[in-house]
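Novice: Just a sequence and a predicted model for now, questions to come.
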Amino acid sequence: MAIHPLWRNGKLTVGSPAQAHLMAPALHYGLGVFEGIRSYLTSSGPAIFRLDAHLERMAKGAAALGLPFDMGAMAQGCMEVLDASGLGDAYLRPLVFYGSGNLGLDVDQHGAECFVTALPWNNHLGDAAARGVKAHVSTLRRNASDAIPPLKLCGGYVNSILAKRAATAAGFEEALFVDARGYVVEATGENIFMVAGGKVTAVAHPDALPGITRATVMEMAGAGARPVALEELLEADEVFLTGTSAEITPLAALGGRTWTAGPVTADLRKIYMDIVRGKDSSRSSWLRPVREGGHAPLRP
(Lines give C-alpha, C1' and ligand atoms only; values in the text may rest on other atoms or scores of the structure.)
Protein backbone atom coordinates (compact mmCIF):
# COMPACT_ATOMS: atom_id res chain seq x y z
CA MET A 1 0.00 0.00 0.00
CA ALA A 2 1.38 3.39 -0.99
CA ILE A 3 2.25 5.75 1.84
CA HIS A 4 1.64 9.41 1.24
CA PRO A 5 2.64 12.30 3.48
CA LEU A 6 -0.22 14.22 5.03
CA TRP A 7 -0.32 17.80 6.26
CA ARG A 8 -3.32 18.11 8.56
CA ASN A 9 -4.26 21.17 10.57
CA GLY A 10 -0.69 22.42 10.40
CA LYS A 11 1.11 19.17 11.25
CA LEU A 12 3.03 17.00 8.80
CA THR A 13 2.85 13.23 9.27
CA VAL A 14 3.39 10.09 7.23
CA GLY A 15 2.20 6.54 7.66
CA SER A 16 -0.93 7.44 9.62
CA PRO A 17 -4.23 7.03 7.78
CA ALA A 18 -6.33 10.13 7.34
CA GLN A 19 -9.56 9.71 9.26
CA ALA A 20 -12.79 11.66 9.57
CA HIS A 21 -15.72 11.02 11.89
CA LEU A 22 -18.68 9.22 10.32
CA MET A 23 -20.94 12.05 11.50
CA ALA A 24 -18.79 14.76 9.90
CA PRO A 25 -21.14 17.25 8.18
CA ALA A 26 -18.85 17.16 5.13
CA LEU A 27 -19.55 13.46 4.67
CA HIS A 28 -23.32 13.93 4.76
CA TYR A 29 -23.69 17.20 2.84
CA GLY A 30 -20.49 17.68 0.82
CA LEU A 31 -19.54 20.69 2.95
CA GLY A 32 -15.98 21.17 1.82
CA VAL A 33 -13.84 22.83 -0.81
CA PHE A 34 -10.83 21.34 -2.56
CA GLU A 35 -8.27 22.02 -5.24
CA GLY A 36 -6.26 19.88 -7.63
CA ILE A 37 -2.75 21.28 -8.06
CA ARG A 38 0.15 19.86 -10.04
CA SER A 39 3.86 19.92 -9.42
CA TYR A 40 6.42 19.10 -12.08
CA LEU A 41 10.05 18.16 -11.98
CA THR A 42 12.18 20.97 -13.40
CA SER A 43 15.94 21.28 -13.81
CA SER A 44 15.97 22.96 -10.41
CA GLY A 45 13.84 20.34 -8.71
CA PRO A 46 10.10 20.01 -8.08
CA ALA A 47 7.97 23.13 -8.55
CA ILE A 48 4.26 23.71 -7.97
CA PHE A 49 2.43 25.24 -10.90
CA ARG A 50 0.28 28.32 -10.24
CA LEU A 51 -0.10 27.64 -6.53
CA ASP A 52 -1.32 31.14 -5.69
CA ALA A 53 -4.06 31.09 -8.34
CA HIS A 54 -5.34 27.74 -7.09
CA LEU A 55 -5.42 28.85 -3.47
CA GLU A 56 -7.09 32.15 -4.33
CA ARG A 57 -9.89 30.18 -5.99
CA MET A 58 -10.02 27.83 -3.02
CA ALA A 59 -10.40 30.80 -0.69
CA LYS A 60 -13.50 31.87 -2.65
CA GLY A 61 -15.01 28.42 -2.21
CA ALA A 62 -14.23 28.42 1.51
CA ALA A 63 -15.85 31.83 1.90
CA ALA A 64 -18.99 30.60 0.13
CA LEU A 65 -19.36 27.84 2.73
CA GLY A 66 -18.25 29.94 5.69
CA LEU A 67 -15.14 27.81 6.17
CA PRO A 68 -12.07 29.41 7.79
CA PHE A 69 -9.18 29.49 5.35
CA ASP A 70 -5.58 30.60 5.80
CA MET A 71 -4.05 30.85 2.35
CA GLY A 72 -0.52 31.28 3.67
CA ALA A 73 -0.78 28.21 5.90
CA MET A 74 -2.24 26.14 3.08
CA ALA A 75 0.56 27.21 0.74
CA GLN A 76 3.07 26.15 3.36
CA GLY A 77 1.28 22.84 3.73
CA CYS A 78 1.49 22.24 -0.01
CA MET A 79 5.21 22.97 0.01
CA GLU A 80 5.90 20.77 3.02
CA VAL A 81 3.92 17.80 1.81
CA LEU A 82 5.51 17.90 -1.65
CA ASP A 83 8.96 18.16 -0.08
CA ALA A 84 8.22 15.23 2.23
CA SER A 85 6.84 13.07 -0.59
CA GLY A 86 10.09 12.98 -2.54
CA LEU A 87 8.02 13.31 -5.71
CA GLY A 88 8.82 15.51 -8.68
CA ASP A 89 5.69 15.12 -10.77
CA ALA A 90 2.82 15.03 -8.31
CA TYR A 91 -0.79 15.90 -7.70
CA LEU A 92 -1.52 17.94 -4.59
CA ARG A 93 -4.97 17.68 -3.04
CA PRO A 94 -5.75 20.35 -0.43
CA LEU A 95 -9.13 20.09 1.27
CA VAL A 96 -10.95 22.18 3.87
CA PHE A 97 -14.15 20.72 5.28
CA TYR A 98 -16.55 20.68 8.20
CA GLY A 99 -15.33 17.73 10.23
CA SER A 100 -17.42 18.06 13.36
CA GLY A 101 -20.81 19.34 14.40
CA ASN A 102 -24.41 18.26 14.18
CA LEU A 103 -26.53 17.39 11.17
CA GLY A 104 -28.30 20.73 11.04
CA LEU A 105 -27.87 23.00 8.07
CA ASP A 106 -26.56 25.95 10.10
CA VAL A 107 -22.79 25.65 9.83
CA ASP A 108 -21.68 28.43 12.18
CA GLN A 109 -21.04 26.03 15.05
CA HIS A 110 -19.35 23.32 13.00
CA GLY A 111 -15.65 22.59 13.39
CA ALA A 112 -13.40 22.84 10.35
CA GLU A 113 -10.38 20.81 9.36
CA CYS A 114 -7.84 21.13 6.58
CA PHE A 115 -5.31 18.85 4.98
CA VAL A 116 -3.04 18.41 1.97
CA THR A 117 -1.53 15.27 0.51
CA ALA A 118 0.69 14.57 -2.51
CA LEU A 119 0.19 11.68 -4.92
CA PRO A 120 1.94 10.37 -8.02
CA TRP A 121 -0.19 11.41 -10.97
CA ASN A 122 -0.86 10.99 -14.66
CA ASN A 123 -3.57 12.53 -16.80
CA HIS A 124 -6.85 11.08 -15.46
CA LEU A 125 -8.07 10.55 -19.03
CA GLY A 126 -5.42 7.87 -19.51
CA ASP A 127 -4.53 6.76 -23.04
CA ALA A 128 -7.20 9.05 -24.43
CA ALA A 129 -5.06 12.04 -23.49
CA ALA A 130 -2.61 11.19 -26.28
CA ARG A 131 -4.96 9.94 -29.01
CA GLY A 132 -7.85 12.26 -28.20
CA VAL A 133 -10.96 11.90 -26.06
CA LYS A 134 -14.25 10.49 -27.32
CA ALA A 135 -17.16 12.35 -25.74
CA HIS A 136 -20.89 12.75 -25.96
CA VAL A 137 -23.31 15.49 -25.01
CA SER A 138 -24.68 14.83 -21.56
CA THR A 139 -28.43 14.66 -21.05
CA LEU A 140 -27.84 16.37 -17.69
CA ARG A 141 -27.49 20.11 -17.20
CA ARG A 142 -24.49 21.62 -15.46
CA ASN A 143 -25.04 23.01 -11.98
CA ALA A 144 -26.45 26.49 -12.55
CA SER A 145 -24.19 29.24 -11.24
CA ASP A 146 -27.16 31.00 -9.64
CA ALA A 147 -27.79 27.82 -7.61
CA ILE A 148 -24.24 26.61 -6.79
CA PRO A 149 -21.24 28.86 -7.49
CA PRO A 150 -18.89 27.34 -10.09
CA LEU A 151 -16.06 26.60 -7.67
CA LYS A 152 -14.52 23.36 -6.44
CA LEU A 153 -17.15 22.67 -3.80
CA CYS A 154 -17.21 19.00 -2.85
CA GLY A 155 -20.97 18.50 -3.16
CA GLY A 156 -21.08 20.14 -6.57
CA TYR A 157 -19.07 17.32 -8.12
CA VAL A 158 -21.96 14.85 -7.83
CA ASN A 159 -23.15 16.51 -11.05
CA SER A 160 -19.86 15.65 -12.80
CA ILE A 161 -19.84 12.09 -11.53
CA LEU A 162 -23.38 11.37 -12.71
CA ALA A 163 -22.56 12.70 -16.18
CA LYS A 164 -19.26 10.81 -16.34
CA ARG A 165 -20.91 7.54 -15.29
CA ALA A 166 -23.50 7.91 -18.02
CA ALA A 167 -20.81 8.67 -20.60
CA THR A 168 -18.76 5.63 -19.62
CA ALA A 169 -21.82 3.38 -19.71
CA ALA A 170 -22.51 4.61 -23.24
CA GLY A 171 -18.97 3.80 -24.39
CA PHE A 172 -17.49 7.30 -24.19
CA GLU A 173 -14.67 8.72 -22.10
CA GLU A 174 -16.06 12.15 -21.31
CA ALA A 175 -19.27 14.15 -21.37
CA LEU A 176 -19.92 17.75 -22.38
CA PHE A 177 -22.56 19.84 -20.71
CA VAL A 178 -24.77 22.02 -22.91
CA ASP A 179 -27.34 24.44 -21.54
CA ALA A 180 -31.02 24.65 -22.44
CA ARG A 181 -30.29 27.20 -25.20
CA GLY A 182 -27.74 24.94 -26.89
CA TYR A 183 -24.60 26.71 -25.61
CA VAL A 184 -21.58 24.66 -24.53
CA VAL A 185 -20.68 24.88 -20.83
CA GLU A 186 -17.73 22.57 -20.10
CA ALA A 187 -16.83 18.90 -19.67
CA THR A 188 -17.15 17.02 -16.39
CA GLY A 189 -13.67 18.05 -15.24
CA GLU A 190 -12.27 20.28 -17.98
CA ASN A 191 -12.86 23.55 -19.76
CA ILE A 192 -13.27 23.62 -23.55
CA PHE A 193 -11.46 25.45 -26.36
CA MET A 194 -12.01 25.45 -30.09
CA VAL A 195 -9.75 26.37 -33.01
CA ALA A 196 -11.30 27.78 -36.19
CA GLY A 197 -9.26 29.26 -39.02
CA GLY A 198 -6.19 29.20 -36.77
CA LYS A 199 -7.93 31.31 -34.10
CA VAL A 200 -8.12 29.90 -30.58
CA THR A 201 -11.28 30.63 -28.58
CA ALA A 202 -12.11 29.65 -25.02
CA VAL A 203 -15.70 28.64 -24.44
CA ALA A 204 -17.27 31.06 -21.96
CA HIS A 205 -20.28 30.19 -19.85
CA PRO A 206 -21.38 31.44 -16.40
CA ASP A 207 -21.94 27.87 -15.17
CA ALA A 208 -18.38 26.74 -15.99
CA LEU A 209 -15.50 26.57 -13.52
CA PRO A 210 -13.01 29.43 -13.97
CA GLY A 211 -10.15 27.06 -14.75
CA ILE A 212 -6.54 27.86 -13.88
CA THR A 213 -5.29 25.91 -16.90
CA ARG A 214 -7.91 27.66 -19.02
CA ALA A 215 -6.57 31.07 -17.95
CA THR A 216 -3.01 29.86 -18.59
CA VAL A 217 -3.80 28.71 -22.13
CA MET A 218 -5.70 31.90 -22.90
CA GLU A 219 -2.63 33.94 -21.97
CA MET A 220 -0.29 31.62 -23.86
CA ALA A 221 -2.40 31.72 -27.02
CA GLY A 222 -3.69 35.27 -26.79
CA ALA A 223 -7.14 33.69 -26.93
CA GLY A 224 -10.42 35.44 -26.38
CA ALA A 225 -13.43 33.94 -24.65
CA ARG A 226 -17.08 34.03 -25.67
CA PRO A 227 -20.23 31.88 -25.64
CA VAL A 228 -20.10 29.05 -28.19
CA ALA A 229 -23.14 27.14 -29.41
CA LEU A 230 -22.84 23.38 -29.84
CA GLU A 231 -23.39 23.72 -33.59
CA GLU A 232 -20.41 26.07 -33.86
CA LEU A 233 -18.20 23.80 -31.78
CA LEU A 234 -18.99 20.90 -34.10
CA GLU A 235 -17.82 22.98 -37.05
CA ALA A 236 -14.45 23.86 -35.48
CA ASP A 237 -11.17 22.66 -36.97
CA GLU A 238 -9.88 21.49 -33.59
CA VAL A 239 -11.36 21.16 -30.11
CA PHE A 240 -9.39 20.54 -26.95
CA LEU A 241 -9.95 20.24 -23.23
CA THR A 242 -7.94 21.91 -20.46
CA GLY A 243 -7.57 21.17 -16.78
CA THR A 244 -4.95 20.67 -14.10
CA SER A 245 -5.06 16.89 -14.50
CA ALA A 246 -5.96 16.83 -18.20
CA GLU A 247 -3.41 19.55 -19.08
CA ILE A 248 -4.18 20.08 -22.80
CA THR A 249 -6.02 17.10 -24.27
CA PRO A 250 -7.48 16.97 -27.79
CA LEU A 251 -11.08 16.00 -28.41
CA ALA A 252 -11.23 13.21 -30.99
CA ALA A 253 -14.98 12.77 -31.24
CA LEU A 254 -18.20 14.34 -30.06
CA GLY A 255 -21.14 12.17 -30.94
CA GLY A 256 -20.77 11.50 -34.66
CA ARG A 257 -18.28 14.34 -35.31
CA THR A 258 -14.62 13.33 -35.37
CA TRP A 259 -11.36 15.28 -35.40
CA THR A 260 -7.76 14.32 -36.02
CA ALA A 261 -5.09 15.63 -33.69
CA GLY A 262 -4.56 19.22 -34.81
CA PRO A 263 -1.35 21.27 -35.10
CA VAL A 264 -2.55 24.18 -32.98
CA THR A 265 -3.46 21.89 -30.10
CA ALA A 266 -0.12 20.10 -30.41
CA ASP A 267 1.82 23.38 -30.43
CA LEU A 268 -0.04 24.70 -27.40
CA ARG A 269 0.57 21.47 -25.50
CA LYS A 270 4.32 21.70 -26.19
CA ILE A 271 4.42 25.32 -25.04
CA TYR A 272 2.44 24.41 -21.92
CA MET A 273 4.72 21.52 -21.02
CA ASP A 274 7.79 23.73 -21.50
CA ILE A 275 6.27 26.23 -19.06
CA VAL A 276 5.39 23.72 -16.34
CA ARG A 277 8.81 22.08 -16.66
CA GLY A 278 10.53 25.43 -16.19
CA LYS A 279 11.96 25.58 -19.71
CA ASP A 280 10.28 28.92 -20.46
CA SER A 281 11.91 31.54 -18.23
CA SER A 282 9.32 34.16 -19.20
CA ARG A 283 6.72 32.26 -17.14
CA SER A 284 8.91 31.41 -14.15
CA SER A 285 6.65 33.39 -11.83
CA TRP A 286 4.01 30.68 -12.30
CA LEU A 287 6.29 28.09 -10.64
CA ARG A 288 6.80 27.74 -6.89
CA PRO A 289 9.94 25.62 -6.33
CA VAL A 290 10.28 23.45 -3.27
CA ARG A 291 12.43 25.39 -0.84
CA GLU A 292 16.15 24.70 -0.90
CA GLY A 293 17.50 22.77 2.01
CA GLY A 294 14.21 20.96 2.60
CA HIS A 295 14.19 17.74 4.60
CA ALA A 296 14.50 14.30 3.06
CA PRO A 297 11.32 12.39 2.26
CA LEU A 298 9.59 11.16 5.40
CA ARG A 299 9.38 7.46 6.15
CA PRO A 300 6.92 5.74 8.49
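Specialist: In hand now; what should we look at? Residues are numbered from 1 along each chain as shown.

Novice: Which is the succeeding secondary structure element to the lowest-mean-pLDDT helix or strand in the chain?
Specialist: Least confident helix or strand, the chain: helix 128-131 with a mean of 72, by mean pLDDT, DSSP states H and E. Using DSSP states H and E, the helix or strand that follows helix 128-131 in sequence is strand 133-137.

Novice: For that next one, buried residues please.
Specialist: The neighbour-count check on strand 133-137 (16 or more other Cβ atoms under 10 Å) flags Val133, Lys134, Ala135, His136, Val137 as buried. Backbone N, C-alpha and C define where each C-beta goes, glycine included.

Novice: In the stretch 51-200 of the chain, where is pLDDT below threshold?
Specialist: Counting by pLDDT under 70, the ranges of the stretch 51-200 of the chain that qualify are 126, 129.

Novice: what's the single longest strand in this structure?
Specialist: strand 90-100 (DSSP state E).

Novice: For the stretch 51-200 of the chain, which segments count as strands?
Specialist: Secondary structure of the stretch 51-200 of the chain (DSSP state E, counting those that start in this stretch): strands at 90-100, 111-119, 133-137, 174-178, 184-187, 191-196, 199-203.

Novice: And these: which comes nearest Gly224?
Specialist: The closest of the strands of the stretch 51-200 of the chain to Gly224 is strand 199-203. By Cβ to Cβ, the value is 6.0 Å.

Novice: Following element in sequence after the closest one, please.
Specialist: Following strand 199-203 in sequence order, the next helix or strand is helix 212-221 (DSSP H and E).

Novice: for that following helix, what is the average pLDDT?
Specialist: Summarised as a single mean, pLDDT over helix 212-221 is 98.

Novice: can you pull the buried residues of it?
Specialist: Buried residues in helix 212-221, counted by 16+ other Cβ under 10 Å: Ile212, Thr213, Arg214, Ala215, Thr216, Val217, Met218, Met220, Ala221.

Novice: With stretch 197-210 instead?
Specialist: By neighbour count with 16+ other Cβ under 10 Å, stretch 197-210 contains the buried residues Val200, Thr201, Ala202, Val203, Ala204, His205, Asp207, Ala208, Leu209.

Novice: From the contact counts, what lies against the longest strand of the chain?
Specialist: helix 25-29, strand 32-34, strand 37-42, helix 51-65, helix 71-85, strand 111-119 (3 or more Cβ pairs under 8 Å, 6 or more residues apart in numbering; DSSP states H and E).

Novice: partner residues bridging Phe34?
Specialist: Leu95 (DSSP bridges).

Novice: can I assume it is in contact with Gly156?
Specialist: No: checked against Cβ atoms under 8 Å, the pair Phe34 and Gly156 is beyond contact range at 10.5 Å.

Novice: Name the helix or strand for the closest residue to Val239 other than its chain neighbours, please.
Specialist: Once flanking residues are discounted, Val239 sits nearest to Leu251: 4.1 Å by Cβ to Cβ, 6 or more residues apart in numbering. Remark: Leu251 resides in strand 247-254, with elements defined by DSSP H and E.

Novice: can you tell me which residues contact Phe97?
Specialist: With contact set as Cβ atoms under 8 Å, 6 or more residues apart in numbering, Phe97 has these partners: Ala20, Ala24, Ala26, Leu31, Gly32, Val33, Leu67, Ala112, Glu113, Cys114, Cys154.

Novice: Which residue, other than its chain neighbours, is closest to the fourth one?
Specialist: The one in question is Leu31. Nearest non-adjacent residue to Leu31, counting by Cβ to Cβ, 6+ apart: Tyr98, 4.4 Å away.

Novice: quick one: the one you found and His110, what's the gap?
Specialist: 4 Å (Cβ to Cβ, to the nearest Å).

Novice: Could you name every residue contacting both of these two?
Specialist: With Cβ under 8 Å, 6+ apart as the test, Tyr98 and His110 both reach Pro25, Leu31.

Novice: Quick check: end-to-end length of stretch 257-268?
Specialist: End-to-end distance for stretch 257-268, by Cα to Cα, to the nearest Å: 22 Å.
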